[in-house]
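Participant: coords please:
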Amino acid sequence: MKSLMLFWKEVLEELGTWCDTSTTRDFKTAASRFEHEGWSFFGITLPSFAADLEKGLELGSVDHDLFKSFSFRGGLPRFLGGFLDRVFDRGTGRLLDEPDVDSIYAIRQLTLMFGKILIDCSLERQLGAISKFIECEREVREAEQSTSASAYAEFADMSATLWSNVLAKLDEDVWQSQEKQTIVPKHGPGSTAERILGNQKYVQVEWPTRLEALFPYLGNATPNERYSYLLDRVTFLEPGDERPVRVVLVPKTLKTPRVIAIEPVAMMYLQQGVAEKLVEYLETDSFVKGMIGFTSQEPNQLLAKEGSLTGELATLDLSEASDRVSNQLVRVMTHRFPWVSEALDATRSRRADVPGVGVIRLAKFASMGSALCFPVEAMVFLTIVMLGIQDTLNRRIAMSDLCRFHGKVRVYGDDIIVPADCVDAVITRLEAFGLRVNSNKSFWNGKFRESCGKDYYAGSDVSVVRVRRKFPTKQHDVEEVVSLVSLRNQLYFAGLWKSCRYLDDIIGTHLSHFPIVEEASPALGRHSVSFGYQAEKLCDNLHVPLVKAYVTKSQAPVSMTDGEGALLKWFIKRGTEPFADINHLERQGRPEKVYIKLRWTLPY
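Facilitator: Predicted coordinates:
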């Protein structure tokens, strides 16, 4: 932790030079508070400082309701005061007519740098996250009951306007899937509720009876129907006996962990197949493809930049977005397409095993962890957004109007772009359906916007570089070493070159070779816009330049399969190319450990 503190000092001093301000007292304050508060000062208090800065930019002024844990001098906090004086007027707290963008970036970089470092939060906060998950479930049920029939009817009509083309195609695919297998399931690399990993997923011994009507075991979990003898090994689970999703906590921030739900093998297997088709149709439909996306965040980022310049676009962020989409809304959205509706219901887990609580019945459609969570929630959000826009226009939106909103409305997960003049109506609609808009991360008044990991002020990129892991203490801390190299190179492209040199010295104690290489190189090396790469010799056989450097090496865990499981794996493979790994029947899944090895490798 001390090494991270010293690194923060280096960044502080460099940014002070950028903005021509003294930072000596700022470091003394940070060091003193770190001594008394521990790591929570950097992981919780400083990110709150950044949130208050952004709120001040949104409101156009700072008052004593912001920055509550810091002492004031005049209208601004003393901490990081030299930077704040270049953004706000210290006497009045008002935003300057031309605030210094470098100072805005500096404050955000210094306060957000450690906000998402992978450190487990306290047990108390973990228990709080579980309690919040249960509370959220209760609120979803209440929202379902309080939503009026007329609101559901409007939601259904707007869904038909937006999604008729997409859902009609998917409806036909599901209908034909029993004969032509137009929906091809697949397994992902991650964990499952049963803790089955790798190639063992291709030997499925449990199958919910709810799947049988649309996705029978013989047609989906066996190479073909000739393998009917495999039915003898299968336990068909009635709805009351189905395996629940396994709720777990994963690191997110020091303030709170992320709650996800790990799906059973069979459910995830079919969810992946349905989601693949759904995303394909959403991203190619001429009416909605400009307003919804799943594979690229760049359109949202560009619209956020435009909004920061013109003020005409707002960026909205939802809290607990996945957990607040009720299953009832999804049913209403798809009720005109019975095969789609049945497929989403059949592949949806209805219960969750919550640590310390037990098994509960779910009102939400799905938590993070379901392959269908991301595309379905985006469809729900866009439908509600368009209802809000319809309220603002005070007229019904028809399908012919949809193209007008390309470049003005876009949804990527819970990152939403809408016209600024429609914000009030959109927020009202979102909250009427039980969703919550995160006011700390939603912007529409000032010149600050953020979406999909990019932050802008008046068109200038003020996105920060984050430290993701603790610094390594030895070379065998491979993940920490790799993360440190990545941090160094990100800081380089952010222009913090003095801080880069500081990290170069630290990296040099762990890596005896640390050459200059291009970004595409497999080597752990330094990136540079000035030098490109510096070759050390030519390969005797291929006559290409080489450098001696450390490269990462990993190996999938042992996971053997043969016979019917191996054949099924081949039948559901995507594309015509052979498997990339010739040992895929012996090893499969996410690597358990990453190694680094010194060798000659390409510098580009």
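Participant: Mind giving me the packing neighbours of the longest helix along the chain?
Facilitator: Among all segments of the chain classified by DSSP state H, the helix with the greatest residue count is helix 149-180. Contacts defined by 3 or more C-beta pairs under 8 Å, 6 or more residues apart in numbering; DSSP states H and E place helix 149-180 against helix 265-284, helix 327-334, helix 338-346, helix 373-393. For glycine as for every other residue, the C-beta is placed from the backbone atoms N, C-alpha and C.
Participant: ok, now with 10 Å
Facilitator: Helix 149-180 sits against helix 217-220, helix 265-284, helix 327-334, helix 338-346, helix 373-393, helix 423-432, with contacts defined as 3 or more C-beta pairs under 10 Å, 6 or more residues apart in numbering; DSSP states H and E.
Participant: What is the helix or strand just after the last one packed up against?
Facilitator: Put plainly, it is helix 423-432. Per DSSP states H and E, helix 423-432 leads on to strand 436-437 as the next helix or strand towards the C-terminus. Packing partners of strand 436-437 (3+ C-beta pairs under 10 Å, 6+ apart): strand 313-319, helix 423-432.
Participant: quick one: which of those is nearest Gly495?
Facilitator: When the helices and strands packed on strand 436-437 are ranked by distance to Gly495, counting by C-beta to C-beta, first place goes to strand 313-319 at 24.8 Å.
Participant: quick check: angle from the closest one to helix 373-393?
Facilitator: An angle of 130 degrees separates the directions of strand 313-319 and helix 373-393 when computed by axes from the mean of the first three to the mean of the last three C-alpha atoms, to 10 degrees.
Participant: Quick check: pLDDT value at the spatially closest residue to Ser460 that is not a sequence neighbour.
Facilitator: Take Ser460 and drop its neighbours on the chain: the residue closest to it by C-beta to C-beta, 6 or more residues apart in numbering is Val101, 4.5 Å away. According to the prediction, Val101 has pLDDT 98.
Participant: ok, now which ones touch Val101?
Facilitator: With contacts taken as C-beta atoms under 10 Å, 6 or more residues apart in numbering, Val101 has the following neighbours: 86-87, 447, 456-462.
Participant: With Cys403 instead?
Facilitator: With contact set as C-beta under 10 Å, 6+ apart, Cys403 has these partners: 286-288, 290-291.
Participant: Buried among those? Need that as a selection in ChimeraX.
Facilitator: Buried residues among these (16 or more other C-beta atoms under 10 Å), as a ChimeraX selection:
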select :287,288,290,291
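Participant: tell me which residues in the longest strand along the chain are buried?
Facilitator: Ordering each strand of the chain by length in residues (DSSP state E) puts strand 545-554 first. Neighbour counts using 16+ other C-beta under 10 Å place 546-547, 549-552 of strand 545-554 among the buried residues.
Participant: Which stretches in the stretch 351-500 of the chain count as strands?
Facilitator: If DSSP state E, counting those that start in this stretch is used as the criterion, the strands of the stretch 351-500 of the chain fall at 351-354, 358-361, 410-412, 415-419, 436-437, 448-451, 454-457, 460-461.
Participant: just checking, what packs against the second one?
Facilitator: So that's strand 358-361. For strand 358-361, the packing partners by 3+ C-beta pairs under 10 Å, 6+ apart come out as helix 123-146, strand 351-354.
Participant: same thing with the last one?
Facilitator: With contacts taken as 3+ C-beta pairs under 10 Å, 6+ apart, strand 460-461 sits against helix 101-112, helix 298-310.
Participant: Relative to the whole chain's centre, how far out is the shortest one?
Facilitator: With C-alpha atoms, centre = their mean, to the nearest Å as the basis, the distance from the averaged C-alpha position of helix 101-112 to the chain average is 23 Å.
Participant: and Lys28, what pLDDT?
Facilitator: Confidence at Lys28, expressed as pLDDT, is 96.
Participant: repeat for Val259
Facilitator: Note on Val259: pLDDT of 95.
Participant: Can you report phi and psi for it?
Facilitator: Here is the backbone geometry of Val259 (degrees, to the nearest 10): phi -100, psi 120.
Participant: So for stretch 18-25, first residue to last residue, what's the gap.
Facilitator: The first and final residues of stretch 18-25 sit 17 Å from each other (C-alpha to C-alpha, to the nearest Å).
Participant: Please identify the buried residues of it?
Facilitator: In stretch 18-25, counting by 16+ other C-beta under 10 Å, buried: 18-19, 21, 23.
Participant: do the same with stretch 75-94
Facilitator: By neighbour count with 16+ other C-beta under 10 Å, stretch 75-94 contains the buried residues 75-90, 93.
Participant: what does stretch 514-530 give?
Facilitator: 514-517, 521-528.
Participant: for the strands of the stretch 351-500 of the chain, which one sits closest to Val558?
Facilitator: Distances from Val558 to each of those were compared by C-beta to C-beta, and the smallest falls on strand 351-354, at 28.1 Å.
Participant: which residues make contact with that closest one from outside it?
Facilitator: For strand 351-354, the external contacting residues (C-beta under 10 Å, 6+ apart) are 130-131, 133-134, 137, 193, 239-240, 242-248, 259, 261-262, 358-362, 364, 367, 369.
Participant: Which one of the buried residues of stretch 514-530 is nearest to Ser442?
Facilitator: His527 (34.4 Å).
Participant: what about the residue nearest to the closest one when sequence neighbours are not counted, how many neighbours?
Facilitator: In space, and not counting its chain neighbours, His527 is closest to Asn489: 4.5 Å by C-beta to C-beta, 6+ apart. Residues near Asn489, counting by other C-beta atoms under 10 Å, number 20.
Participant: Isn't Asn489 up against Ala523?
Facilitator: No. Under the criterion of C-beta atoms under 10 Å, Asn489 is not in contact with Ala523, lying 11.6 Å apart.
Participant: Specify the local secondary structure of Leu15.
Facilitator: For Leu15, the assignment made with DSSP: H, G, I helix; E, B strand; the rest coil gives helix.
Participant: which residues does it contact?
Facilitator: Shown in contact with Leu15 (C-beta under 10 Å, 6+ apart): 21, 23, 80, 83, 102-103, 105-107, 109-110, 496, 498-499.
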